[in-house]
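> structural data only, the sequence is not supplied:
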């Protein structure tokens, strides 16, 4: 790898000096920065390529290789798209001396699969951007150069990815008396379920082209974010869960994930209440049957929305009617609440408006326990921002702009948005999944070969470097000496 470093010192530093003279000292930082970036990127690409060639040479010269492998082809070439652009890798193809399938030892040593055309780092960069914007922009951001990968490649990467990674379980569990949960779902347009053309007609003349990914937010408390009275608040101890969980069994799996997280992070003997707030959808209420010490709380927004629709035809008298309805609810009098709503229905002039009133009565009756819990339990009388959480975590990527998804895409993207929403990094996920894949395939580096490569660099590195790189002995070049001498350690 020393030739590229020498070339940088002898030639590229002169280019940088010219850029500084022509542009930076003339007040043109734009041209200077662009030129500097291009120079450094080209240096990085050459260095990357030379490092791989150096490792290949060390493998070929090692005692381990001579004892165990024949060189069948000396310079087979492959191209790999990296963050620094395309690099060409030259490596030998080796045949085991006892016989058997040949192998590219360099690929095994550095962890390149035979069908890889894009590096793991470039894929990670594409995935990081795709989670925030689109598959196309993810492909454009894969490299720091003008090289791109196709949006189809990014989509396949996401569809294949297993969004699972072990959580760090604290040694000491937190003592919290009450936990709060907000749950809701998004509505995402589908192009197809599993393959193109499989959208079926619902019988009403419309196709079933909507997926409803679910989002659950668990948190500990709400505190002011900033000075007292600023009006800004933040949730403490928050953690997201979510995905396209369809059907009762799948829905149960989602709530069991929440329960496991609570067991792992909180002292459940100290815990007294778990409040589940939502719009009353069956899948949300079902969480009370799974989470210990839980109570369902109907969020105020949806109750207000139903009452507002049921009374909107009363015009000037609407506010008075709503006040009476809320007084009846506050008195925990379901009968009086229904009576007042039926009076509203009696004055409705259309069947559509009468239906809205009946829907309101049914909604309140079905969620009565979730309504009055706010009056019986002060801990339940909290605001609910489920709609805002859906907008921030899911809708911003999946449904706020015209786009079509498959069910697999919705599920994976929801899981990725949840993963990053919990403050976790894409690079950690990609690294974990890669190591897991390698373990499953039982691809192991030969320890003896690895030791041989490292030993070779330790023995020959200092002598070669001192001879080939002028000025390396200077104090200011300590970082370079550390980089080279520590290589492979």
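It's in. The model shown is predicted, which means the values in this text are computed figures rather than measured ones.
> and the residue lying closest to residue 273 once chain neighbours are set aside, how far from residue 272?
Spatial nearest neighbour of residue 273, excluding adjacent residues (Cβ to Cβ, 6 or more residues apart in numbering): residue 178 at 4.7 Å. (Each C-beta comes from the backbone N, C-alpha and C, glycine too.) From residue 178 across to residue 272, the span is 6 Å (Cβ to Cβ, to the nearest Å).
> could you look up the SS state of the residue nearest the centre of the chain?
Nearest to the mean C-alpha position of the chain, by Cα atoms, centre = their mean, lies residue 416 at 3.1 Å. Using DSSP: H, G, I helix; E, B strand; the rest coil, the structure places residue 416 in helix.
> so what's it up against?
127, 131, 158, 161, 163, 426 (Cβ atoms under 8 Å, 6 or more residues apart in numbering).
> quickly find the element holding the second one.
Per DSSP states H and E: residue 131 is located in helix 120-132.
> which parts of that helix are buried?
Of all the residues in helix 120-132, those buried under the rule 16 or more other Cβ atoms under 10 Å are 120, 122, 123, 124, 125, 126, 127, 128, 129, 130, 131.
> the residues you listed: which two are farthest apart?
120 and 131 (16.3 Å; Cβ to Cβ).
> next, count neighbours for residue 292.
11 (other Cβ atoms under 10 Å).
> how close does it sit to residue 270?
Counting by Cβ to Cβ, the gap from residue 292 to residue 270 is 13 Å.
> residue 254 against residue 244, yeah?
No. Applying Cβ atoms under 8 Å as the test, residue 254 and residue 244 come out as separate, 9.9 Å apart.
> overlap in contacts of these two?
With Cβ under 8 Å, 6+ apart as the test, residue 254 and residue 244 both reach residue 214.
> the residue lying closest to residue 121 once chain neighbours are set aside: neighbour count?
Counting by Cβ to Cβ, 6+ apart, residue 83 is the residue found nearest to residue 121 once chain neighbours are left out, at 4.9 Å. Look at residue 83: counted by other Cβ under 10 Å, it has 21 neighbours.
> now residue 91, what's its secondary structure?
strand.
> residue boundaries of the strands in the chain?
69-82, 85-96, 178-185, 188-189, 210-211, 214-219, 221-224, 233-236, 239-243, 273-278, 294-298 (DSSP state E).
> can you give the domain ranges for the chain?
According to automatic domain parsing, the chain comprises the domains 2-117+446-485, 178-415.
> tell me how far the ends of the last one are from each other?
Its start and end residues considered, domain 178-415 measures 26 Å (Cα to Cα, to the nearest Å).
> now do the contacts for the residue nearest to residue 52 when sequence neighbours are not counted.
Nearest non-adjacent residue to residue 52, counting by Cβ to Cβ, 6+ apart: residue 89, 5.4 Å away. With contact set as Cβ under 8 Å, 6+ apart, residue 89 has these partners: 49, 52, 53, 77, 78, 79, 80, 106, 112.
> show me how to select, in ChimeraX, the buried members of these.
To isolate in ChimeraX the members of the contacts of residue 89 that are buried, counting by 16+ other Cβ under 10 Å, one can use:
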select :49,52,53,78,80,106,112
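> TSV please, covering the contacts of residue 89 and showing distance to residue 308.
Shown next, in TSV, are these (distance: Cβ to Cβ, whole Å):
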residue	distance to residue 308
49	66
52	66
53	71
77	69
78	64
79	62
80	59
106	68
112	61
